[in-house]
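A.B. asks: fold the following, please.
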Amino acid sequence: MTKLLHAFYDLEVNPNCFDITKFVCMAELARREEGCDAIAAYIVLAEGHGFRKDDPFEESKRNWRLRNIMMPLLALMPSVTTIASGITRDVAARIMSGADAVFPRGHTMEEPVSCFEWSDVILESLRGKEIPGLVPHQTALAWMRRWVEPRAKGRRTVSITLRETDFEAERNSSLENWLSFARALDPVKYCPIILRDTDKIFAAPDSAFDGLLQCSEVTVNIELRAALYEVCDLNLFVANGPAELCVLNPRTAYVSFFKLRPDKRTGKRPEMHADLALGRKKDFCFAGPHQQLAWGDDTLPAIESAFQRLETSMAEQAEEVSRYKQLDAFPPAKIDPGEAIELFTLSGRTTLVDKLLDHFEDVSKSDVQRWRVQTAFSRCNYPAVVEMSEGFSLDNERAPHVYMMRADALFRSDRQLEALEIYKQLSQSSFLWQQARLRLGMVQVSLEQYEEAAANLEELKAKGFNHRLLSEYLARAYRAMGRNREALDLMIEDFKSDTAQAE
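C.D. replies: Numbering: from 1, shown residues only. This is a model prediction of the structure:
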């Protein structure tokens, strides 16, 4: 008798978009762990209008996306043998009550569990799992080869997928740059193939695309699109939904541009490389040498540079690329677990940090303890930082970071004298001496040791270290000692610096 994993993509907490790709990959991992033979996948409607409250699409488009994007994406996982879309919560609850195994684990209709983020996939890769790929059917691959071969005539094929939608238009492709890039490719060596946004293919022809090969057929068929990406030698994107068909297929070569826009509330650009635990290379930790991300705007020089970088990487690591192109799943992550934990901590993904720490208990105890201290510090749990950092030796290579967090936690817990001693020690012998000297001056000001604070901060400033806190605390020390003119000069200097940066 067939044992099924019943996987519920709940629109109460999950979005109506290509993010379902991550869900189905995670469901396949769960199927293997549970020893199930196949997956029955259900798209469950939310309460009310059926979709998540922040769903940006009008009602007619929501239902179209369910049938033409979400369901076909589920079908790209070979183990998915049953797909039911738009089922009510009552029906889902009845199915769940008689299920052999349920995914996500702990999911109920009353307390639904989301599963659609890259961090879910990355966590499993970091824990040593092989991430299953999304594989187009052989028939789709054969059809796309039949379409490509007579047009490419032996040239290297380069698909260019354009984002041209009204939703979050700031993320759209820079059309002029991409078309200029396509036209500048050597026509003897390369065959560019343009894939316009699905919203655009039924509009009147646009003369801007004259003379460029387009493949509109695949923009309305998910499996043909996935097959074209696998057949093409290279695929280029700005980050969008269709790019996930490449990111989650080990056989495809791609560059995807992440156009980092400032947060509307804070004005700061997101630290997505930390959020995704991308590591120093800033590519996905499970990706092959033929799978790369580009960070920044899709200017013409940036596109040309990213394209050349990918071509060079594929040529220099041809054997590894060839190995990936035979795989159905990605090998485990190529990033040190400590680096991943630091990145997740930086982005506030502390729940993921906890899961990784539990998994990596076989790593040296000092490393695990250091990571736990770092996680506690990111949560502002200063008593835990003080307790867990007890006993670290400054001879340990990474101990200065731990001692700095310990001292900061003591300082913020009104234990300035203890913090003072650690900052003194770090400022004399550590590669963190500049940060330690700054903090030492800050503590000395808080303890009304103004002359010592001024001496430390002046020395730091004389050595070229500039920081707003340095100026602020040095000015406070000057004022306390009656050196008001020097304090005023510092404030004027800071104001001029801020003005120059703003300009």
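
A.B. asks: how does this structure divide into domains?
C.D. replies: By the record's domain assignment, the chain is partitioned as 4-116, 138-330, 361-502 (automatic domain parsing).

A.B. asks: so for residue 129, which of the ones you listed sits nearest?
C.D. replies: Among the domains of the chain, the nearest to residue 129 by C-beta to C-beta is domain 4-116 (6.0 Å). Any C-beta I mention is one placed from the backbone N, CA and C, and that applies to glycine too.

A.B. asks: and that closest one, end to end?
C.D. replies: 21 Å (C-alpha to C-alpha, to the nearest Å).

A.B. asks: for the stretch 101-250 of the chain, which segments count as strands?
C.D. replies: Using DSSP state E, counting those that start in this stretch, the strands found in the stretch 101-250 of the chain span residues 101-103, 131-132, 156-161, 190-195, 234-238.

A.B. asks: quick check: mean pLDDT across the fourth one?
C.D. replies: For strand 190-195, mean pLDDT rounds to 98.

A.B. asks: packing partners of it?
C.D. replies: With contacts taken as 3 or more C-beta pairs under 8 Å, 6 or more residues apart in numbering; DSSP states H and E, strand 190-195 sits against helix 138-152, strand 156-161, helix 175-184, helix 222-231.

A.B. asks: tell me which of the ones you listed lies nearest to residue 478.
C.D. replies: When those are ranked by proximity to residue 478, the top entry is helix 175-184, at 51.8 Å, counting by C-beta to C-beta.

A.B. asks: which residues sit against that closest one?
C.D. replies: With C-beta atoms under 8 Å, 6 or more residues apart in numbering as the test, helix 175-184 has contacts from 158, 160, 162, 164, 192, 194, 208-209, 211-212, 236, 298-300, 303-304, 307.

A.B. asks: which of the strands of the stretch 101-250 of the chain is buried the deepest?
C.D. replies: strand 234-238 (a mean of 26; mean count of other C-beta atoms under 10 Å).

A.B. asks: could you check how far residue 230 is from residue 66?
C.D. replies: Distance of residue 230 to residue 66, given as C-beta to C-beta, to the nearest Å: 25 Å.

A.B. asks: those two: which is more packed in?
C.D. replies: The neighbour comparison of residue 230 against residue 66 (other C-beta atoms under 10 Å) goes to residue 230, with 23 against 19.

A.B. asks: touching, the more buried one and residue 138? I think so.
C.D. replies: No: if you go by C-beta atoms under 8 Å, residue 230 and residue 138 don't touch, sitting 10.8 Å apart.

A.B. asks: now stretch 295-314: buried residues?
C.D. replies: Under the neighbour-count criterion of 16 or more other C-beta atoms under 10 Å, stretch 295-314 has 298, 302, 303, 306, 307, 310, 311, 313, 314 buried.

A.B. asks: can you list contacts of the strand or helix carrying residue 440?
C.D. replies: Applying DSSP states H and E as the criterion places residue 440 in helix 433-446. For helix 433-446, the external contacting residues (C-beta under 8 Å, 6+ apart) are 404, 407-408, 411, 416, 419-420, 423-424, 426-427, 430, 450, 452-454, 456-457, 459-460, 463, 465, 467, 469-470, 473-474, 476-477, 480.

A.B. asks: just the CA coordinates for that helix, please, in CSV.
C.D. replies: C-alpha atoms of helix 433-446 as CSV (Å, rounded to 0.1, in the frame of the first residue of the first chain):
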residue,chain,number,x,y,z
TRP,A,433,41.9,47.4,19.9
GLN,A,434,40.2,50.4,18.2
GLN,A,435,36.7,49.3,19.1
ALA,A,436,37.9,48.4,22.6
ARG,A,437,39.6,51.8,23.0
LEU,A,438,36.4,53.6,21.9
ARG,A,439,34.4,51.6,24.4
LEU,A,440,37.0,52.2,27.1
GLY,A,441,36.6,55.9,26.7
MET,A,442,32.8,55.6,26.8
VAL,A,443,32.9,53.7,30.1
GLN,A,444,35.4,56.2,31.6
VAL,A,445,33.0,59.0,30.7
SER,A,446,30.2,57.2,32.4
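
A.B. asks: looking at that helix now, give me its mean pLDDT.
C.D. replies: Mean pLDDT, helix 433-446: 90.

A.B. asks: roughly how far is that helix from the heart of the chain?
C.D. replies: Counting by C-alpha atoms, centre = their mean, to the nearest Å, helix 433-446 is centred 35 Å from the centre of its parent chain.
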